[in-house]
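[1] 3D, please:
(one chain, ligands or ions: 1)
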Amino acid sequence: MPGVYISYPFCAQKCTYCNFASGVFPRALEARYLAALDAELRQTAWPWAPETAYLGGGTPSRIEPDALASMLTRIPGRPWQEATIEAAPGTITAEKAVTWRRAGINRVSLGVQSFALRELARTGRKHTAEIVARETVVLREQGIDGINIDLIAGLPGQTRNSWHESLDWVERLRTPHASVYMLEVDAGSHLGNELLAAGKRYGAADVPADDEIAEFYEIAVERLARAGLDRYEISNFARPGFESRHNLKYWRREPYLGFGADAHSFDGGSRWQNVESASEYVERMARRESPIAARTAADPVGERFFLGLRLSEGIELDWTPFSEAIERHVRNGLLEAEDGHLRLTSRGVLLSNEVFAEFVP
Ligand code: SF4
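    Residues are numbered from 1 along each chain as shown. Purely as a prediction, here's the structure:
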């Protein structure tokens with residue numbers, strides 16, 4: 001069954017490590033953006049009722065709660081099996097949580113990234129561990145138990161001790177889901193740019209070495225498993241039954257419709273993507289033009305490999321045009337074939353981009 005994704009690219013600050021098409025825009029644009037989203041949702045002829053909804057960004061928890069509730073009424077299928085909102089810690093109140101719950105939200109993904117104050121301060125995040133703890137209580141009091149905590153391994157100044165400190169907090173808060181991302185270094189973020197230029201701004205000189213980041217990730221895999229959160233995807237860990245149903249659709253190649261700037265869609269045969277810029281999206285919708293920037297045919301064979309192999313369950317190895325590459329990676333210990341399934345090994349997870357490159361056209 002399909003899912004719905006809504007993109008809300010507005011943030012209170014641009015975090016140094018962030019390479020999403022999100023940022024700080026004029027308040028007036030936010031109001032026009034909500035109107036444009038409403039128009040895009042209204043003009044959709046729904047071929048099916050979605051079973052999941054996901055509000056990502058950006059910081060959709062900034063949306064005024066009644067406006068968010070009214071936007072969600074445009075999506076058929078309520079109550080959805082899963083409806084997630086991404087939230088920046090420090091933006092959650094009891095009033096918001098009540099409205100979210102009534103509007104069908106049953107899962108909140110908290111962009112914590114770190115519980116160590118000195119790491120947060122260098123990235124531009126404003127919260128503290130105590131704020132996160134308080135907000136998890138607020139959410140649970142309103143019946144929202146599906147809580148995720150995002151962490152990043154590789155932030156400037158991160159040490160083995162501070163990483164354990166963050167994992168201690170995840171254990172203490174007993175959230176049923178956690179995501180652990182390794183710092184991405186590319187020209188899409190301030191920090192990535194600085195690292196590529198071998199500069200020192202944004203704490204670039206204090207980013208841990210690659211092998212330390214890999215060690216932090218492996219520590220997280222072990223500690224989260226001990227806390228009952230098993231890895232079900234390269235970056236995602238959950239107690240059984242708390243896996244993100246919406247995100248599983250991406251890796252299992254199930255259809256989803258995306259709304260808003262830079263939102264992606266997939267109908268099983270083709271993929272399309274809205275314009276990246278929030279202001280261009282608003283302008284196009286105001287002119288009653290399509291917000292779609294590009295459409296491509298899906299690559300069912302390659303995608304099945306490089307998306308499906310992200311999952312711990314792997315993929316069924318019934319037929320493959322990639323036998324040579326698979327055999328090579330089985331020999332060098334990055335892939336394992338067992339019980340008719342192909343999976344990344346623990347080492348393969350750390351070098352997954354090397355493996356996936358084989359399957360991208
Ligand atoms: S990390 Fe999240 S809050 Fe920070 S700029 Fe990116 S989308 Fe916004």
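
[2] going forward, measure contacts and count neighbours with C-alpha atoms only.
    OK.

[3] report pLDDT for residue 313.
    Per-residue confidence (pLDDT) for residue 313: 95.

[4] residues touching it, list them.
    Residue 313 makes contact with 232, 341, 343, according to CA atoms under 8 Å, 6 or more residues apart in numbering.

[5] and it, which of the three is it?
    Of the three states, residue 313 takes coil under DSSP: H, G, I helix; E, B strand; the rest coil.

[6] okay, the contacts of residue 313 in TSV with distance to the ligand next?
    Output for the contacts of residue 313, formatted as TSV (distance: CA to the nearest ligand atom, whole Å):
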residue	distance to the ligand
232	23
341	35
343	30
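
[7] out of the residues you listed, which are buried?
    With neighbours counted by 16 or more other CA atoms under 10 Å, those contain buried members at 232, 343.

[8] mind putting the contacts of residue 313 in CSV, secondary structure, distance to residue 160 and pLDDT included?
    Shown next, in CSV, are those (DSSP: H, G, I helix; E, B strand; the rest coil; distance: CA to CA, whole Å; pLDDT from 0 to 100):
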residue, secondary structure, distance to residue 160, pLDDT
232, strand, 24, 98
341, strand, 35, 93
343, strand, 29, 96
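
[9] out of the contacts of residue 313, who's nearest residue 25?
    residue 232 (35.6 Å; CA to CA).

[10] any idea how far the closest one is from residue 84?
    With distances taken as CA to CA, to the nearest Å, residue 232 is found 18 Å from residue 84.

[11] surely residue 1 is in contact with residue 53?
    No. If you go by CA atoms under 8 Å, residue 1 and residue 53 don't touch, sitting 11.6 Å apart.

[12] would you agree residue 17 falls within a helix?
    No. Read with three-state DSSP, residue 17 is coil and lies in no helix.

[13] can you give me the neighbour number for it?
    24 (other CA atoms under 10 Å).

[14] which pLDDT value belongs to it?
    The model reports residue 17 with a pLDDT of 96.

[15] you'd agree it is up against residue 183?
    Yes. Between residue 17 and residue 183 there is a contact under CA under 8 Å: 7.4 Å.

[16] please say which of residue 1 and residue 53 ends up with more neighbours.
    Set residue 1 next to residue 53 and count neighbours by other CA under 10 Å: residue 53 wins out with 28 against 12.

[17] what strand or helix carries that one?
    strand 52-57 (DSSP states H and E).

[18] contacts for that strand next, please.
    2-10, 20, 22, 80-86, 245-246.

[19] among those, name the ones in helices.
    245-246 (DSSP state H).

[20] only the buried subset of the contacts of strand 52-57, as a PyMOL command please.
    A single PyMOL command selects the buried members of the contacts of strand 52-57 (16+ other CA under 10 Å):
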select buried, resi 2+3+4+5+6+7+8+9+10+22+80+82+83+84+85+86+245+246
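
[21] ok, and which of the contacts of strand 52-57 reach the ligand?
    For the ligand, the contacts drawn from the contacts of strand 52-57 by CA under 6 Å from any ligand atom are 20, 22.

[22] in strands, which of the contacts of strand 52-57 fall?
    3-8, 82-86 (DSSP state E).

[23] OK, contacts around the closest residue in space to residue 182 that isn't next to it in sequence?
    Spatial nearest neighbour of residue 182, excluding adjacent residues (CA to CA, 6 or more residues apart in numbering): residue 153 at 4.8 Å. By CA under 8 Å, 6+ apart, residue 153 lies in contact with 163, 180-183, 213, 216-217.

[24] and if we set it to 10 Å?
    113-114, 159, 163, 180-184, 207-208, 212-217, 220 (CA atoms under 10 Å, 6 or more residues apart in numbering).

[25] in ChimeraX, select just the buried ones from those residues.
    Buried subset of these, written as a ChimeraX selection, criterion 16+ other CA under 10 Å:
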select :113,114,159,163,180,181,182,183,184,207,208,212,213,214,216,217,220
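
[26] which of the contacts of residue 153 fall within helices?
    The helices, defined by DSSP H, take in 163, 212-217, 220 from those.

[27] and those residues, which is closest to residue 129?
    For those, the nearest to residue 129 is residue 163 (13.3 Å; CA to CA).

[28] what about residue 272, distance to residue 298?
    9 Å.

[29] what about the two, which has more around it?
    The neighbour count for residue 272 versus residue 298, taken as other CA under 10 Å, is higher for residue 272 (20 against 16).

[30] part of a strand, is the more buried one?
    Yes. Per three-state DSSP, residue 272 lies within a strand segment.

[31] run a quick neighbour tally on the residue lying closest to it once chain neighbours are set aside.
    Nearest residue to residue 272, sequence neighbours excluded (CA to CA, 6+ apart): residue 295, at 4.1 Å. Look at residue 295: counted by other CA under 10 Å, it has 14 neighbours.

[32] ok, residue 295 - contacts?
    With CA under 10 Å, 6+ apart, residue 295 has these contacts: 264-266, 270-274.

[33] secondary structure class for it?
    Under three-state DSSP, the three-state class of residue 295 is strand.

[34] before we move on, what about residue 121?
    Under three-state DSSP, the three-state class of residue 121 is helix.

[35] give me the pLDDT for it.
    For residue 121, the predicted pLDDT is 93.

[36] likewise for residue 317?
    Value listed for residue 317 in the pLDDT field: 85.

[37] what's the answer for residue 354, then?
    The model's pLDDT for residue 354 equals 94.

[38] list the residues that contact it.
    Here residue 354 is in contact with 329, 334, 348 (CA under 10 Å, 6+ apart).

[39] roughly how far does the last one sit from the ligand?
    Think residue 348. In this view, residue 348 and the ligand are 27 Å apart by CA to the nearest ligand atom, to the nearest Å.
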